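Structural data only, the sequence is not supplied:
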DNA sequence: CAGTGAGCGAGCTTCCGCTTGACTT
């Protein structure tokens, strides 16, 4: 029996802390929140001050009862959840769920998992901060009200199983609006002029590139300028040399780690978090869900030592970074290696690469600035007022650049030097050639997952623990898709002045190809439009920031939490009722044209199962025909001809064993149907052109595969089979599945043994009844 | 995974933020 029970949120943290404290302390983890609003209903008593109905989360019952037992036996229970709104609520919920007496509980907090920080915390316990708990309560209730009133509205007005929320709906809005910007973008072109001049550097002749400060809008202007250049003299008019410095990026937070891992390693945010979790659990890095830039003094000291050892004392410059991001709660340290002197780790390639990135970033953040010398050379033209500018950059002292340079979304890494040969004012320059190249303005870039996280963080929307789940939610709801897109070819002009002649060339470039970018779907666009029209306040990019200010006031005791909720809920709920009663179902219906053979109208719209085309209208005699859009088609771009193609299915291929063989396209792609069995088509098979021969081939192949799945059948009961599944053999009976006990061999089971297993064990859930994730 | 789409209506879906394994047919 231990005298002291310490409860933290994460088990990895518990293990570390247990090592710092003596035998008198037992450290356990509660695995995050243990109580939450009931999911069965709203979970909030609207009519009586919005009192939340918190229950012990179903998946936390086991850990709660275990902790409750330990808490009962302990003399003092130390509640060491994180020092932020959510952490304070966790502590309060633990008091309630474990029924801990106030007198034997202590609330402690620390921001770093170091021995001195823990011991210091133990010295300074406090009580539960009720105001902070109320702030969490307000946050939780607001999110529940928004989510659980908006989502059902969407089910009624658009289609079932949709969702809306304070965070996800704004994330979708960003992607929809970016797509609109790109679509409406008018790509104007201009001519960028670059001159190449030859400069003598001792015996060597060095080419120097200089860009004209002005761009020409028309080719006539560009050519006229080149003509002027052909008879011009060029002169160095001015040389300016300025010192400059570059500073390292701060250490990683969740958001910046996701961004850099995406840019430098090509990881999705979910992948980055999965790997970071492994590194954390194996003790290699500190906690990976954080918005703090802070490093412990211990860590900074270790970094200093490491840098001195590797590069020398000149390369050290320790720094304390402070966060600028909105709503940061800073309960942890920045993400850093646990031990700075561990330069690399064992493990698979992606673990090594992510660790390497974290190590370099952290160490570099404590290194000296890079000292640069930037040179700007202005080149005059005897026949024109325009100027050429050549730029050079010399690294005088590399500092942190020796180790690490953050990459950017806009352009590939532009690190490194660009050295100019020595030049003097009034030096004449020999022109080798001048190019005027047509350049098109770029539309804003589509979001990658990581760019979206960056944007959300800037807006103060979402938390480190929710960035990755939010991105997966909006994809799971099919509001957005992550896709690669083929680019298109575009022509551009280049005029080159060389040896007194101007040559015109037409060249091509590939533009607009995308890799792993987020695109809005038809449903995403429709839902976004609907929410914007009726709930502008919630869709406002500042909504979260505004309510966060109020949560802060609640935390400071200046605002009563349920008064704040009341003020929000009144108008919000009225809007819900108004929209529910005052608007019709929206489908985004659009008339594409009429079918030339039947004369019926053809529409495209969103149905119960997503985007579809419809031929004809429903009336007393007629039923319209429907067909789902194919992958890659969209309501916005589909043409009448493409729509008519979709109605060519289902198609009868022929007759086999007295039954029709038909081909059609369903929820999961094209399929063949025969005797009420379904056979998926391969990617290479086109349902519009597939032949009867090929269909029979597919049918026989599938039947053979199914036959091989059967381990045993029984004469006594036809429905009872032993099958070989993805996870090994199992018993199947009337669509119920049963596990085979570990001590039995599937091939040798008798009919009686199978019946015994079925009566004695519960059927495992089949995928049909299981909730799809 | 399961192969649909008038309308009828029961019964289902849903939020954000803390944290990790469980366990699949």
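Happy to help now that I have it. Model, not experiment: these values are computed from the prediction. Residues are numbered from 1 along each chain as shown, chains lettered A, B, ... in the order given.

was I right about residue A:654 contacting residue A:692?
Yes. Residue A:654 is in contact with residue A:692 according to C-beta atoms under 8 Å; the separation is 4.1 Å. Any C-beta I mention is one placed from the backbone N, CA and C, and that applies to glycine too.

Quick check: neighbours shared by those two?
Common neighbours of residue A:654 and residue A:692, counting by C-beta atoms under 8 Å, 6 or more residues apart in numbering, are residue A:661.

which other residues reach stretch A:695-714?
When contacts are taken as C-beta under 8 Å, 6+ apart, the neighbours of stretch A:695-714 outside the stretch itself are A:653-654, A:656, A:661, A:663, A:672, A:674, A:677, A:679, A:681-682, A:685, A:720-725, A:729, A:746-747, A:749, A:751, A:754.

out of these, which are buried?
For the contacts of stretch A:695-714, a neighbour count by 16 or more other C-beta atoms under 10 Å gives the buried set as A:653, A:661, A:663, A:672, A:674, A:679, A:681, A:685, A:720-723, A:729, A:749, A:754.

Quick check: the farthest pair among those residues?
Comparing every pair within those by C-beta to C-beta identifies A:653 and A:749 as the most remote, at 40.4 Å.

For stretch A:30-42, the averaged confidence score.
The predicted model assigns stretch A:30-42 a mean pLDDT of 96.

Which residues belonging to it are considered buried?
Of all the residues in stretch A:30-42, those buried under the rule 16+ other C-beta under 10 Å are A:30, A:32-37, A:42.

just stretch A:178-189 next, same as before
Those buried within stretch A:178-189 under the rule 16+ other C-beta under 10 Å are A:178-179, A:189.

same question, stretch A:426-435
Under the neighbour-count criterion of 16+ other C-beta under 10 Å, stretch A:426-435 has A:427, A:429, A:431-435 buried.

Of the buried residues of stretch A:30-42, which are in range of DNA strand B?
For DNA strand B, the contacts drawn from the buried residues of stretch A:30-42 by C-beta under 7 Å from any atom of the strand are A:32-33, A:36-37.

and which of those is nearest residue A:243?
Nearest to residue A:243, judged by C-beta to C-beta, of those is residue A:32 at 50.1 Å.

how many other residues sit next to the closest residue to the closest one other than its chain neighbours?
Nearest residue to residue A:32, sequence neighbours excluded (C-beta to C-beta, 6 or more residues apart in numbering): residue A:9, at 5.6 Å. Residue A:9 sits with 21 neighbouring residues when counted by other C-beta atoms under 10 Å.

so residue A:9 sits right up against residue A:87, yeah?
Yes. Contact between residue A:9 and residue A:87 holds when scored by C-beta under 8 Å: they sit 7.1 Å apart.

what residues are shared contacts of those two?
Common neighbours of residue A:9 and residue A:87 (C-beta under 8 Å, 6+ apart) are residue A:81.

Name the residue closest to the centre of chain A, please.
The residue lying closest to the centre of chain A (C-alpha atoms, centre = their mean) is residue A:449, at 3.5 Å.

could you measure that residue against residue A:176, distance?
Here the criterion is C-beta to C-beta, to the nearest Å. By it, residue A:449 lies 16 Å from residue A:176.

So residue A:684, which state does it fall into?
coil (DSSP: H, G, I helix; E, B strand; the rest coil).

And the one 5 residues further on, by the same measure?
At residue A:689 the chain is in coil, as set by three-state DSSP.

That one - how many residues pack around it?
Neighbour count of residue A:689, defined by other C-beta under 10 Å: 9.

Mind pulling the model confidence for it?
Per-residue confidence at residue A:689 stands at 84 (pLDDT).

Residue A:380 now?
Per-residue confidence for residue A:380 comes out at a pLDDT of 97.

if I pick it, what's in contact with it?
With contacts taken as C-beta under 8 Å, 6+ apart, residue A:380 has the following neighbours: A:234-237, A:387.

likewise residue A:192?
Residue A:192 makes contacts with A:211-212, A:215, A:436-437, A:439, as judged by C-beta under 8 Å, 6+ apart.

go again using 10 Å as the cut-off
Taking C-beta atoms under 10 Å, 6 or more residues apart in numbering as the definition of contact, the neighbours of residue A:192 are A:211-212, A:214-216, A:222, A:435-439.

repeat for residue A:187
A:440-443, A:490, A:511.

Enumerate the positions of the one helix or strand in chain A whose mean pLDDT sits lowest that are buried.
The helix or strand of chain A with the poorest confidence is strand A:736-739; it has a mean of 71 (mean pLDDT, DSSP states H and E). Under the neighbour-count criterion of 16+ other C-beta under 10 Å, strand A:736-739 has residue A:738 buried.

quick one: the helix or strand that that strand is followed by near DNA strand B?
Moving toward the C-terminus from strand A:736-739, the first helix or strand encountered (DSSP states H and E) is helix A:751-760. No. Between helix A:751-760 and DNA strand B, judged by C-beta under 7 Å from any atom of the strand, nothing touches; the nearest distance is 11.7 Å.

Perfect, that will be all.
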